[in-house]
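Participant: below: sequence and its predicted model.
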Number of protein chains: 2
Amino acid sequence: MKNNGLLFVISGPAGAGKGSVAAELVKDDNICLSVSATTRAPRGKEKNGVEYYFYEREQFEKMIAENGFIEYAQYLENYYGTPKKPVDDWRREGKDVILEIEVQGCEIVKKSVPDCVSIFIMPPSMEILEKRLRGRGTETEENVLKRMKRAQEELPLAKNYDYVVVNDVLENCVENVRTIIKAEKLRSQRSCFDI
Amino acid sequence: MKNNGLLFVISGPAGAGKGSVAAELVKDDNICLSVSATTRAPRGKEKNGVEYYFYEREQFEKMIAENGFIEYAQYLENYYGTPKKPVDDWRREGKDVILEIEVQGCEIVKKSVPDCVSIFIMPPSMEILEKRLRGRGTETEENVLKRMKRAQEELPLAKNYDYVVVNDVLENCVENVRTIIKAEKLRSQRSCFDI
(Lines give C-alpha, C1' and ligand atoms only; values in the text may rest on other atoms or scores of the structure.)
Protein backbone atom coordinates (compact mmCIF):
# COMPACT_ATOMS: atom_id res chain seq x y z
CA MET A 1 0.00 0.00 0.00
CA LYS A 2 2.95 2.34 -0.62
CA ASN A 3 2.09 5.99 -1.30
CA ASN A 4 -1.53 5.15 -0.55
CA GLY A 5 -3.62 6.99 2.00
CA LEU A 6 -3.84 5.60 5.52
CA LEU A 7 -6.79 4.44 7.61
CA PHE A 8 -7.04 6.10 11.03
CA VAL A 9 -9.42 4.53 13.53
CA ILE A 10 -10.63 7.13 16.02
CA SER A 11 -12.43 5.93 19.10
CA GLY A 12 -13.08 6.67 22.75
CA PRO A 13 -15.91 6.71 25.29
CA ALA A 14 -19.14 8.61 24.54
CA GLY A 15 -18.51 12.23 25.54
CA ALA A 16 -14.73 12.07 24.94
CA GLY A 17 -15.26 14.08 21.78
CA LYS A 18 -14.27 11.68 18.99
CA GLY A 19 -17.03 13.06 16.75
CA SER A 20 -15.81 16.65 17.19
CA VAL A 21 -12.22 15.59 16.48
CA ALA A 22 -13.26 13.73 13.30
CA ALA A 23 -15.36 16.70 12.16
CA GLU A 24 -12.33 19.01 12.45
CA LEU A 25 -9.99 16.59 10.68
CA VAL A 26 -12.18 16.17 7.60
CA LYS A 27 -11.97 19.91 6.92
CA ASP A 28 -8.68 18.90 5.30
CA ASP A 29 -9.32 18.09 1.60
CA ASN A 30 -7.06 15.07 1.79
CA ILE A 31 -8.94 13.44 4.68
CA CYS A 32 -12.24 11.59 4.18
CA LEU A 33 -14.69 10.36 6.79
CA SER A 34 -15.85 6.79 6.34
CA VAL A 35 -19.64 6.51 6.01
CA SER A 36 -21.42 3.54 7.60
CA ALA A 37 -24.02 1.40 5.91
CA THR A 38 -27.30 0.41 7.59
CA THR A 39 -30.50 -1.47 6.82
CA ARG A 40 -32.63 0.90 8.89
CA ALA A 41 -34.83 3.37 6.99
CA PRO A 42 -33.60 6.95 6.46
CA ARG A 43 -34.94 9.44 9.03
CA GLY A 44 -35.95 13.02 8.25
CA LYS A 45 -33.53 14.61 5.79
CA GLU A 46 -30.93 11.84 5.89
CA LYS A 47 -29.40 11.26 2.46
CA ASN A 48 -27.89 8.09 1.05
CA GLY A 49 -24.08 8.35 1.19
CA VAL A 50 -24.08 11.28 3.61
CA GLU A 51 -25.26 10.15 7.08
CA TYR A 52 -25.37 6.50 6.00
CA TYR A 53 -25.46 4.27 2.95
CA PHE A 54 -28.98 2.85 3.10
CA TYR A 55 -29.03 -0.80 2.02
CA GLU A 56 -31.77 -3.39 1.68
CA ARG A 57 -31.39 -6.30 4.09
CA GLU A 58 -30.71 -8.73 1.25
CA GLN A 59 -28.02 -6.45 -0.21
CA PHE A 60 -26.37 -6.10 3.22
CA GLU A 61 -26.31 -9.86 3.80
CA LYS A 62 -24.87 -10.46 0.34
CA MET A 63 -22.07 -8.03 1.18
CA ILE A 64 -21.41 -9.80 4.48
CA ALA A 65 -21.10 -13.09 2.57
CA GLU A 66 -18.71 -11.45 0.10
CA ASN A 67 -16.54 -10.10 2.94
CA GLY A 68 -17.45 -6.56 1.90
CA PHE A 69 -17.34 -4.99 5.37
CA ILE A 70 -14.40 -3.84 7.47
CA GLU A 71 -16.67 -4.46 10.47
CA TYR A 72 -20.41 -4.86 10.97
CA ALA A 73 -22.86 -5.56 13.77
CA GLN A 74 -26.55 -6.16 14.25
CA TYR A 75 -28.51 -3.98 16.68
CA LEU A 76 -32.14 -4.90 17.30
CA GLU A 77 -33.64 -5.42 13.83
CA ASN A 78 -30.96 -3.68 11.80
CA TYR A 79 -27.44 -4.12 10.50
CA TYR A 80 -24.76 -1.43 10.72
CA GLY A 81 -21.35 -1.74 9.09
CA THR A 82 -18.37 -0.10 7.40
CA PRO A 83 -18.17 -1.02 3.68
CA LYS A 84 -14.64 -1.80 2.52
CA LYS A 85 -14.82 -0.49 -1.02
CA PRO A 86 -15.16 3.30 -0.46
CA VAL A 87 -12.30 3.13 2.09
CA ASP A 88 -10.07 1.20 -0.32
CA ASP A 89 -10.95 3.53 -3.22
CA TRP A 90 -10.07 6.68 -1.22
CA ARG A 91 -6.83 5.16 0.00
CA ARG A 92 -5.82 4.22 -3.53
CA GLU A 93 -6.42 7.86 -4.52
CA GLY A 94 -3.92 8.79 -1.79
CA LYS A 95 -6.53 10.13 0.62
CA ASP A 96 -6.46 9.34 4.33
CA VAL A 97 -9.65 7.92 5.78
CA ILE A 98 -11.01 8.47 9.29
CA LEU A 99 -13.12 5.71 10.76
CA GLU A 100 -14.94 6.80 13.91
CA ILE A 101 -16.08 3.74 15.80
CA GLU A 102 -17.06 2.38 19.20
CA VAL A 103 -14.19 1.27 21.43
CA GLN A 104 -15.15 -2.40 21.14
CA GLY A 105 -14.92 -2.32 17.33
CA CYS A 106 -11.21 -1.48 17.15
CA GLU A 107 -9.89 -5.04 17.42
CA ILE A 108 -12.16 -6.17 14.56
CA VAL A 109 -10.96 -3.31 12.34
CA LYS A 110 -7.33 -4.12 13.16
CA LYS A 111 -7.86 -7.71 12.02
CA SER A 112 -9.56 -6.57 8.84
CA VAL A 113 -7.12 -3.72 8.04
CA PRO A 114 -3.84 -4.61 9.78
CA ASP A 115 -2.05 -1.44 8.64
CA CYS A 116 -4.65 0.89 10.20
CA VAL A 117 -3.51 3.37 12.84
CA SER A 118 -5.66 3.48 15.98
CA ILE A 119 -6.11 6.57 18.16
CA PHE A 120 -7.96 6.58 21.48
CA ILE A 121 -9.51 9.92 22.44
CA MET A 122 -9.26 10.17 26.23
CA PRO A 123 -11.40 12.48 28.37
CA PRO A 124 -9.26 14.61 30.74
CA SER A 125 -11.07 13.19 33.78
CA MET A 126 -14.23 11.29 34.72
CA GLU A 127 -15.65 14.48 36.24
CA ILE A 128 -15.27 16.37 32.96
CA LEU A 129 -16.71 13.42 31.02
CA GLU A 130 -19.81 13.44 33.25
CA LYS A 131 -20.14 17.21 32.85
CA ARG A 132 -19.94 16.87 29.05
CA LEU A 133 -22.57 14.11 28.94
CA ARG A 134 -24.95 16.18 31.09
CA GLY A 135 -24.14 19.29 29.07
CA ARG A 136 -25.55 17.65 25.95
CA GLY A 137 -28.96 18.15 27.52
CA THR A 138 -30.27 15.19 25.52
CA GLU A 139 -29.31 12.35 27.84
CA THR A 140 -31.60 11.02 30.57
CA GLU A 141 -30.10 10.50 34.04
CA GLU A 142 -30.24 6.76 33.43
CA ASN A 143 -28.34 7.16 30.17
CA VAL A 144 -25.66 9.37 31.74
CA LEU A 145 -25.02 6.76 34.44
CA LYS A 146 -24.99 3.96 31.85
CA ARG A 147 -22.48 5.83 29.70
CA MET A 148 -20.28 6.62 32.71
CA LYS A 149 -20.21 2.95 33.69
CA ARG A 150 -19.34 2.00 30.12
CA ALA A 151 -16.56 4.63 29.98
CA GLN A 152 -15.01 3.09 33.12
CA GLU A 153 -14.90 -0.24 31.28
CA GLU A 154 -13.56 1.30 28.08
CA LEU A 155 -10.70 3.42 29.45
CA PRO A 156 -8.40 0.45 30.20
CA LEU A 157 -8.75 -0.59 26.53
CA ALA A 158 -6.80 2.54 25.54
CA LYS A 159 -3.59 0.51 25.87
CA ASN A 160 -4.63 -1.60 22.87
CA TYR A 161 -4.57 1.48 20.65
CA ASP A 162 -1.47 2.82 18.91
CA TYR A 163 -1.89 6.32 20.33
CA VAL A 164 -3.75 8.01 23.18
CA VAL A 165 -4.68 11.68 22.90
CA VAL A 166 -6.31 13.53 25.79
CA ASN A 167 -9.15 15.80 24.66
CA ASP A 168 -8.88 18.65 27.11
CA VAL A 169 -9.01 21.55 24.66
CA LEU A 170 -10.43 20.38 21.30
CA GLU A 171 -7.99 22.53 19.29
CA ASN A 172 -4.94 20.95 20.98
CA CYS A 173 -6.38 17.48 20.67
CA VAL A 174 -6.96 17.93 16.93
CA GLU A 175 -3.46 19.33 16.53
CA ASN A 176 -2.02 16.25 18.26
CA VAL A 177 -3.99 13.92 15.99
CA ARG A 178 -2.70 15.86 12.96
CA THR A 179 0.84 15.39 14.29
CA ILE A 180 0.22 11.64 14.48
CA ILE A 181 -1.12 11.57 10.90
CA LYS A 182 1.95 13.45 9.66
CA ALA A 183 4.41 11.26 11.57
CA GLU A 184 2.76 8.01 10.43
CA LYS A 185 3.49 9.00 6.82
CA LEU A 186 7.19 9.07 7.68
CA ARG A 187 7.24 5.47 8.93
CA SER A 188 9.85 3.48 7.02
CA GLN A 189 7.43 0.75 5.94
CA ARG A 190 5.36 3.44 4.20
CA SER A 191 8.23 5.27 2.50
CA CYS A 192 9.09 4.97 -1.15
CA PHE A 193 12.77 5.22 -1.92
CA ASP A 194 13.27 6.57 -5.40
CA ILE A 195 16.97 6.88 -4.84
CA MET B 1 9.97 4.30 31.48
CA LYS B 2 6.66 6.18 31.69
CA ASN B 3 6.87 9.96 31.57
CA ASN B 4 10.60 9.64 30.96
CA GLY B 5 12.40 11.20 28.04
CA LEU B 6 12.92 9.15 24.89
CA LEU B 7 16.05 8.08 23.04
CA PHE B 8 16.07 9.00 19.35
CA VAL B 9 18.71 7.37 17.18
CA ILE B 10 19.51 9.54 14.17
CA SER B 11 21.54 8.04 11.38
CA GLY B 12 22.13 8.08 7.65
CA PRO B 13 24.95 8.05 5.10
CA ALA B 14 27.79 10.59 5.35
CA GLY B 15 26.57 13.74 3.61
CA ALA B 16 22.86 13.08 4.33
CA GLY B 17 23.01 15.79 6.96
CA LYS B 18 22.38 13.90 10.22
CA GLY B 19 24.83 16.17 12.07
CA SER B 20 23.03 19.33 10.91
CA VAL B 21 19.65 17.86 11.89
CA ALA B 22 20.93 16.92 15.37
CA ALA B 23 22.49 20.38 15.82
CA GLU B 24 19.12 22.02 15.10
CA LEU B 25 17.18 19.68 17.40
CA VAL B 26 19.37 20.30 20.45
CA LYS B 27 18.52 24.01 20.33
CA ASP B 28 15.40 22.83 22.20
CA ASP B 29 16.11 22.93 25.96
CA ASN B 30 14.40 19.61 26.46
CA ILE B 31 16.58 17.74 23.96
CA CYS B 32 20.13 16.64 24.75
CA LEU B 33 22.80 15.32 22.41
CA SER B 34 24.54 12.18 23.58
CA VAL B 35 28.32 12.63 23.84
CA SER B 36 30.60 9.72 22.87
CA ALA B 37 33.52 8.46 24.91
CA THR B 38 36.92 7.69 23.40
CA THR B 39 40.38 6.59 24.44
CA ARG B 40 42.11 8.79 21.89
CA ALA B 41 43.85 11.93 23.13
CA PRO B 42 42.04 15.28 22.94
CA ARG B 43 42.94 17.36 19.87
CA GLY B 44 43.32 21.13 19.84
CA LYS B 45 40.70 22.79 21.96
CA GLU B 46 38.56 19.67 22.52
CA LYS B 47 37.13 19.59 26.04
CA ASN B 48 36.14 16.59 28.14
CA GLY B 49 32.34 16.16 28.03
CA VAL B 50 31.89 18.46 25.05
CA GLU B 51 33.26 16.83 21.88
CA TYR B 52 33.98 13.57 23.72
CA TYR B 53 34.41 12.10 27.16
CA PHE B 54 38.12 11.29 27.20
CA TYR B 55 38.78 8.02 29.04
CA GLU B 56 41.91 6.04 29.83
CA ARG B 57 42.05 2.67 28.11
CA GLU B 58 41.77 0.83 31.41
CA GLN B 59 38.71 2.86 32.44
CA PHE B 60 37.05 2.21 29.05
CA GLU B 61 37.65 -1.55 29.28
CA LYS B 62 36.31 -1.64 32.84
CA MET B 63 33.14 0.06 31.58
CA ILE B 64 32.82 -2.47 28.74
CA ALA B 65 33.04 -5.28 31.31
CA GLU B 66 30.38 -3.57 33.44
CA ASN B 67 28.04 -3.24 30.45
CA GLY B 68 28.35 0.54 30.69
CA PHE B 69 28.01 1.30 26.95
CA ILE B 70 24.95 1.44 24.74
CA GLU B 71 27.32 0.59 21.89
CA TYR B 72 31.06 0.73 21.37
CA ALA B 73 33.62 -0.12 18.72
CA GLN B 74 37.36 -0.17 18.28
CA TYR B 75 38.96 1.72 15.38
CA LEU B 76 42.68 1.32 14.88
CA GLU B 77 44.21 1.80 18.33
CA ASN B 78 41.26 3.45 20.02
CA TYR B 79 37.87 2.73 21.50
CA TYR B 80 34.77 4.80 20.77
CA GLY B 81 31.45 4.31 22.52
CA THR B 82 28.21 5.75 23.93
CA PRO B 83 28.14 5.62 27.75
CA LYS B 84 24.77 4.50 29.14
CA LYS B 85 24.70 6.57 32.34
CA PRO B 86 24.37 10.13 30.96
CA VAL B 87 21.62 8.95 28.57
CA ASP B 88 19.71 7.23 31.41
CA ASP B 89 20.14 10.24 33.71
CA TRP B 90 18.79 12.68 31.12
CA ARG B 91 15.85 10.43 30.32
CA ARG B 92 14.97 10.10 34.00
CA GLU B 93 14.91 13.90 34.17
CA GLY B 94 12.33 13.79 31.35
CA LYS B 95 14.72 15.01 28.67
CA ASP B 96 14.84 13.45 25.21
CA VAL B 97 18.24 12.30 24.03
CA ILE B 98 19.54 12.33 20.46
CA LEU B 99 22.12 9.72 19.56
CA GLU B 100 23.78 10.42 16.22
CA ILE B 101 25.46 7.26 14.98
CA GLU B 102 26.72 5.39 11.94
CA VAL B 103 24.11 3.37 10.04
CA GLN B 104 25.67 0.05 11.09
CA GLY B 105 25.36 0.90 14.80
CA CYS B 106 21.57 1.11 14.86
CA GLU B 107 20.88 -2.59 15.39
CA ILE B 108 23.25 -2.69 18.37
CA VAL B 109 21.54 0.33 19.97
CA LYS B 110 18.11 -1.25 19.42
CA LYS B 111 19.25 -4.37 21.27
CA SER B 112 20.68 -2.31 24.10
CA VAL B 113 17.77 0.18 24.35
CA PRO B 114 14.70 -1.58 22.90
CA ASP B 115 12.39 1.41 23.37
CA CYS B 116 14.59 3.76 21.31
CA VAL B 117 13.09 5.39 18.21
CA SER B 118 15.24 5.21 15.09
CA ILE B 119 15.21 7.77 12.29
CA PHE B 120 17.08 7.39 9.00
CA ILE B 121 18.05 10.66 7.33
CA MET B 122 17.83 10.04 3.58
CA PRO B 123 19.58 12.18 0.93
CA PRO B 124 17.13 13.35 -1.77
CA SER B 125 19.23 11.66 -4.50
CA MET B 126 22.67 10.17 -5.08
CA GLU B 127 23.54 13.17 -7.27
CA ILE B 128 22.80 15.60 -4.44
CA LEU B 129 24.67 13.43 -1.96
CA GLU B 130 27.76 13.50 -4.21
CA LYS B 131 27.44 17.27 -4.63
CA ARG B 132 27.27 17.73 -0.85
CA LEU B 133 30.29 15.55 -0.22
CA ARG B 134 32.35 17.47 -2.82
CA GLY B 135 30.97 20.75 -1.46
CA ARG B 136 32.61 20.08 1.89
CA GLY B 137 35.92 20.80 0.15
CA THR B 138 37.70 18.61 2.68
CA GLU B 139 37.26 15.20 1.05
CA THR B 140 39.78 13.72 -1.39
CA GLU B 141 38.43 12.25 -4.65
CA GLU B 142 39.19 8.79 -3.26
CA ASN B 143 37.21 9.56 -0.11
CA VAL B 144 34.21 10.90 -2.04
CA LEU B 145 34.06 7.70 -4.11
CA LYS B 146 34.48 5.56 -1.00
CA ARG B 147 31.65 7.38 0.79
CA MET B 148 29.37 7.14 -2.27
CA LYS B 149 29.96 3.40 -2.43
CA ARG B 150 29.21 3.09 1.26
CA ALA B 151 26.03 5.16 0.92
CA GLN B 152 24.81 2.75 -1.77
CA GLU B 153 25.24 -0.08 0.72
CA GLU B 154 23.60 1.86 3.55
CA LEU B 155 20.44 3.10 1.82
CA PRO B 156 18.70 -0.31 1.77
CA LEU B 157 19.16 -0.45 5.57
CA ALA B 158 16.68 2.45 5.92
CA LYS B 159 13.88 -0.13 6.08
CA ASN B 160 15.23 -1.34 9.45
CA TYR B 161 14.60 2.09 10.98
CA ASP B 162 11.27 3.22 12.46
CA TYR B 163 11.12 6.36 10.31
CA VAL B 164 12.71 7.69 7.13
CA VAL B 165 13.00 11.44 6.60
CA VAL B 166 14.33 12.88 3.36
CA ASN B 167 16.72 15.77 3.92
CA ASP B 168 16.02 17.95 0.92
CA VAL B 169 15.62 21.30 2.69
CA LEU B 170 17.16 21.14 6.19
CA GLU B 171 14.36 23.21 7.76
CA ASN B 172 11.63 20.82 6.51
CA CYS B 173 13.65 17.78 7.51
CA VAL B 174 14.08 19.11 11.08
CA GLU B 175 10.38 19.97 11.23
CA ASN B 176 9.52 16.39 10.22
CA VAL B 177 11.82 14.96 12.90
CA ARG B 178 10.18 17.25 15.47
CA THR B 179 6.78 15.92 14.34
CA ILE B 180 8.03 12.37 14.94
CA ILE B 181 9.30 13.30 18.43
CA LYS B 182 5.92 14.84 19.31
CA ALA B 183 3.91 11.89 17.94
CA GLU B 184 6.07 9.31 19.73
CA LYS B 185 5.13 10.89 23.05
CA LEU B 186 1.46 10.16 22.25
CA ARG B 187 2.04 6.41 21.80
CA SER B 188 -0.22 4.45 24.13
CA GLN B 189 2.61 2.49 25.73
CA ARG B 190 4.19 5.79 26.83
CA SER B 191 1.03 7.42 28.14
CA CYS B 192 0.14 7.77 31.80
CA PHE B 193 -3.57 7.57 32.51
CA ASP B 194 -4.37 9.50 35.67
CA ILE B 195 -8.04 9.06 35.07
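Facilitator: Perfect, thanks for sending it. Residues are numbered from 1 along each chain as shown, chains lettered A, B, ... in the order given.

Participant: these two touch, right, A:Ile98 and A:Phe8?
Facilitator: Yes. Applying CB atoms under 8 Å as the test, A:Ile98 and A:Phe8 come out as touching, 5.3 Å apart. No exception for glycine: its C-beta is placed from N, CA and C like everyone else's.

Participant: on the strand side of things, show who A:Pro83 bridges to.
Facilitator: Going by DSSP bridges, A:Pro83 is paired in beta bridges with A:Phe69.

Participant: what residues does chain A put near chain B?
Facilitator: Neighbours of chain B within chain A, by CB under 8 Å from any CB of the partner chain: A:120, A:122-126, A:155, A:158-165, A:176, A:179-180, A:182-184, A:186-189, A:191, A:193-195.

Participant: show me which of the residues you listed are buried.
Facilitator: Buried subset of these (neighbour count, 16 or more other CB atoms under 10 Å in any protein chain shown): A:120, A:122-124, A:155, A:158, A:161-165, A:176, A:179-180, A:183-184, A:186-188, A:191, A:195.

Participant: which residues does whatever residue of chain A ends up closest to chain B contact?
Facilitator: Nearest residue of chain A to chain B, counting by CB to the nearest CB: A:Ala183, 3.4 Å away. Residues near A:Ala183 by CB atoms under 8 Å, 6 or more residues apart in numbering or on different chains: B:163, B:179-180, B:182-184.

Participant: pLDDT score for it?
Facilitator: Looking at A:Ala183, its pLDDT is 97.

Participant: what helix or strand does it sit in?
Facilitator: Element membership of A:Ala183, judged by DSSP states H and E, is helix A:170-184.

Participant: what ranges do the strands span in chain A?
Facilitator: When assigned using DSSP state E, the strands of chain A occupy the ranges A:7-11, A:31-33, A:37-38, A:53-54, A:69-75, A:78-83, A:96-100, A:117-122, A:163-166.

Participant: circling back to that earlier point, nearest to chain A among the contacts of A:Ala183?
Facilitator: Checking the contacts of A:Ala183 against chain A by CB to the nearest CB gives B:Ala183 as the nearest, at 3.4 Å.

Participant: where does the residue nearest to the spatial centre of chain A land on pLDDT?
Facilitator: Nearest residue to the geometric centre of chain A (CA atoms, centre = their mean): A:Glu100, 1.3 Å. For A:Glu100, the pLDDT comes out at 93.

Participant: return the distance of the spatially closest residue to it that is not a sequence neighbour relative to A:Lys47.
Facilitator: Using CB to CB, 6 or more residues apart in numbering or on different chains and skipping residues adjacent in sequence, the residue nearest A:Glu100 is A:Ala22, 4.6 Å away. Using CB to CB, to the nearest Å, A:Ala22 is found at 19 Å from A:Lys47.

Participant: give me the more crowded residue out of those two.
Facilitator: Neighbours per residue (other CB atoms under 10 Å in any protein chain shown) separate A:Ala22 from A:Lys47, with A:Ala22 holding more: 20 against 9.
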